[in-house]
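Novice: Need a 3D model of the following:
(one chain, ligands or ions: 1)
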Amino acid sequence: MSTSLLAAEDPRHARAWLRQQGRPARTSLLRAAALTVLDAVPAVGFAAGLAWAISSFDRGPTAMAPGLALALVSLGTRGLLAGHALMAGGRAAGEVKASVRASVLESLFRGRPVPLATAMEGVEALDGRYARFEPARVSASVTPLLMIGVTAVASPVASGILLFTLIPFALGMALAGAAAAGESRRQFAALSRLSGLFIDRVRALPAVLAFQAEARVARDVAVASDELQRRTARVLRVAFASSAVLEFFSALSVALVALYCGFNLLRLLPFPVPETLDLGRAFFVLALAPEVYAPLRRLAAAYHDRQAAEAAQHALEHALPAASLEPAGAQTALGERPPALHFEAVTVRYGSSPPAVVGFDLEIRPGQTVVLTGASGSGKSSLLHALLGLAPVTEGRILVDGRPLSELDALAGSVAWASQAPVILPGTLGDNIAVADRAACRRRLMAAAAAAGLSGNLDRLLDERGGGLSGGEIRRLGLARALLKAAPLLLLDEPTADLDRDSERALIDVIRRAAAGRTTLIATHSAAVAAIADRVVRL
Ligand SMILES: Nc1ncnc2c1ncn2[C@@H]1O[C@H](COP(=O)(O)OP(=O)(O)OP(=O)(O)O)[C@@H](O)[C@H]1O
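Specialist: Numbers count the residues shown, from 1 in each chain. This next block holds a predicted model:
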């Protein structure tokens, strides 16, 4: 990322973009914010309980017990609320990341070159903004004033002190935030540079070795990683300095309140005040004072998360052009009619190994269903992959509606594809099916899942290893994606592998219906699947 690009970034635009990405996770975000704000209630309960117990001290332990009980219950409630808020924030961040990651993947499948740092670290950089910063922001804008209001009931003067010291605190936060923003952006740029350079040099390794340029390349990587180290150290320095300033102001404010309460209790104040505190009220105010600053300190601690997300935003938005956020069906290379396919003397060869497929010829008419069958390793999957540009065609060519593959942009947008090992994204099962058509409503997602034989809750969470899904279910997930996508070309790789006879029969019916009106190519060992084909080609 160049400096000029960085300068061109508009923080307001970045924030609007990030807000928009948060929409799919609105419920979880609201829940996390509500739980964080709700923490104010047991905080007041805790202060009131302690004050109650202290003011009953001279009447013995029995008189103190209700106050202590209130303090203990409040403390427990705070722990519970904090735990639930943390989980809701984590869930919100997970939902946002899953949705952005799916869009990045879609961009990649459409042939857009997305830098590795953007796809990996860029998406991860969003985590803290939604998990921690967003709930902290809401709580910081509500809770301090709420606490000052509650303090005013016990001591208007103490609440005035708190309100007054809030001003330099907020000013300090704004200054620290502005300083951290630039440093975070420069750190992300250094990170992008290092990963880009590293990937580039690894790709060019044979050339590097041939020209004996190892030392120079190692030097380049070392310089880029030193730069990243320097930038990271600067970000940390700003973060430490700003948190020291904020801690100072909050300690100063609590000290002022403590001083005031102490002198008021001892009646030693050198100026007149319109209130006389007793021990209970003074203690209540003292216990609440740190709570005024707690949400702001939480916000300051999470501020770096917001900067990190904003620093990554530009690269992410660049990787996801507006068009890629449209439903998949909106951007197709073929239109809606089923295409004709023509394999002309196609040879697929991986690196220097013997060719997987040699001189393969096949003509498929629009709307035909063709099954590729043959022994394991005969090259069925390789032919499907070649059509998708995922396997190297070293000789011959593939024509789609008479046009060579190389001339077709974004063919992936026109293909409904169920591979043997579908990519799983972190998110819910529903999110994972929706990768095939991001505009699909819940009813269509459920219909696709049911047709592919995926039972159970669409909202269950999966990790990138397919946590919670068996091998067969992962395959069915791929099929559900293919069934969901209304693309004119349907490619299925071993759709019924590992299924018992009844399940296979049910699925074949689904495949037959899905293939109607589309050009369909299926790689399979199954004679039952082959039976639905217009043509069976043996490799
Ligand atoms: N990415 C790859 N890199 C190197 N070799 C590969 C790759 N993919 C496939 N091959 C090789 O190409 C040959 C054909 O494999 P392919 O998966 O296309 O066969 P297949 O007929 O689909 O097999 P199966 O029925 O077991 O799925 C095999 O020898 C395989 O090892």
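
Novice: Any idea which residue is closest to the centre of the chain?
Specialist: The residue lying closest to the centre of the chain (CA atoms, centre = their mean) is Lys97, at 1.0 Å.

Novice: Which helix or strand contains that residue?
Specialist: Of the helices and strands defined by DSSP states H and E, Lys97 is found in helix 61-109.

Novice: Please state the offset of that helix from the chain centre?
Specialist: Between the mean C-alpha location of helix 61-109 and the chain-wide mean there is a distance of 18 Å, by CA atoms, centre = their mean, to the nearest Å.

Novice: show me the contacts for the closest residue to Leu265 other than its chain neighbours.
Specialist: Spatial nearest neighbour of Leu265, excluding adjacent residues (CB to CB, 6 or more residues apart in numbering): Ala282 at 5.3 Å. Where you see a C-beta, it was placed from the backbone N, CA and C, and this is true even at glycine. Contact criterion CB atoms under 8 Å, 6 or more residues apart in numbering gives 155, 261-262, 264-265 as the residues in contact with Ala282.

Novice: In ChimeraX, select just the buried ones from those.
Specialist: In ChimeraX, this line selects whichever of the contacts of Ala282 come out buried by 16 or more other CB atoms under 10 Å:
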select :155,261,264,265
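
Novice: Now do the strands in this protein.
Specialist: With DSSP state E applied, the chain shows strands at 341-348, 357-364, 369-373, 393-400, 403-404, 415-418, 427-428, 461-462, 489-493, 519-523, 535-538, listed in chain order.

Novice: closest to the ligand out of those?
Specialist: The minimum distance between the ligand and the strands of the chain falls on strand 519-523, with 5.6 Å, by CB to the nearest ligand atom.

Novice: domains of this protein?
Specialist: Under the assignment named as automatic domain parsing, the residue ranges that make up the domains of the chain are 3-325, 341-538.

Novice: Looking at those domains, spot the one closest to the ligand.
Specialist: domain 341-538 (3.2 Å).

Novice: For the biggest helix by length in the chain, name the packing helices and strands.
Specialist: When every helix of the chain is counted residue by residue (DSSP state H), the longest turns out to be helix 214-265. With contacts taken as 3 or more CB pairs under 8 Å, 6 or more residues apart in numbering; DSSP states H and E, helix 214-265 sits against helix 156-203, helix 279-319.

Novice: contacting residues for Ile511?
Specialist: Each residue near Ile511 by CB under 8 Å, 6+ apart is listed here: 492, 495, 522, 529, 532.

Novice: Pull up the gap between the last one and Ala311, please.
Specialist: What it means is Ile532. Relative to Ala311, Ile532 is positioned 52 Å away (CB to CB, to the nearest Å).

Novice: likewise the third one?
Specialist: According to CB to CB, Ile522 and Ala311 sit 46 Å apart.

Novice: related to what we said a few turns ago, ok, the residue nearest to the centre of the chain - contacts?
Specialist: If you count contacts by CB under 8 Å, 6+ apart, Lys97 has them with 123-124, 126-127, 426-427.

Novice: what's near enough to touch Gly453?
Specialist: Neighbour list for Gly453: 476, 479, 503, 506-507 [criterion: CB under 8 Å, 6+ apart].

Novice: Next one: Ala309 from Glu317, what distance?
Specialist: The separation that Ala309 has from Glu317, given CB to CB, amounts to 12 Å.

Novice: Among the two, which residue is more densely surrounded?
Specialist: More neighbours surround Ala309 than the other of Ala309 and Glu317, with 29 against 19 (other CB atoms under 10 Å).

Novice: wait, what's in contact with the more buried one?
Specialist: 18, 125-126, 128-130, 133.

Novice: I'd like to know which of those are part of helices.
Specialist: Reading helices off the contacts of Ala309 with DSSP H, I get 18, 128.

Novice: Just the buried residues out of the contacts of Ala309, in ChimeraX syntax.
Specialist: To isolate the buried subset of those in ChimeraX, counting by 16+ other CB under 10 Å, use the following:
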select :18,125,126,128,129,130,133
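
Novice: a markdown table please, covering the contacts of Ala309 and showing pLDDT and distance to the ligand.
Specialist: Output for the contacts of Ala309, formatted as a markdown table (pLDDT from 0 to 100; distance: CB to the nearest ligand atom, whole Å):
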| residue | pLDDT | distance to the ligand |
| --- | --- | --- |
| Leu18 | 87 | 37 |
| Ala125 | 86 | 31 |
| Leu126 | 89 | 32 |
| Gly128 | 90 | 37 |
| Arg129 | 91 | 37 |
| Tyr130 | 93 | 36 |
| Phe133 | 92 | 42 |
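
Novice: Next to the ligand, which bits of this structure? Give me the list.
Specialist: For the chain, the residues found near the ligand under the criterion CB under 6 Å from any ligand atom are 350, 353, 356, 374, 376-382, 523.

Novice: farthest pair in the residues you listed?
Specialist: Greatest spatial distance in the residues of the chain next to the ligand: Ser353 and Ala523, 19.7 Å, computed using CB to CB.

Novice: Those two: who's more crowded?
Specialist: Ala523 (25 against 7).

Novice: Spatially nearest residue to that one (excluding sequence neighbours)?
Specialist: Lys380 (3.6 Å).

Novice: Now do that neighbour: how many residues are near it, please.
Specialist: Taking other CB under 10 Å as the neighbour definition, Lys380 ends up with a count of 25.

Novice: That one touches Leu372, doesn't it?
Specialist: Yes. At 4.5 Å, Lys380 counts as touching Leu372 under the criterion of CB atoms under 8 Å.

Novice: Quickly list what's touching both of the two.
Specialist: Counting by CB under 8 Å, 6+ apart, the residues touching both Lys380 and Leu372 are 523-524, 539.

Novice: Out of these, which comes closest to Pro422?
Specialist: Set against Pro422, the nearest of the shared contacts of Lys380 and Leu372 by CB to CB is Ala523 (14.7 Å).

Novice: Compute the distance between the closest one and Ser103, please.
Specialist: Taking CB to CB as the measure, Ala523 and Ser103 are separated by 29 Å.
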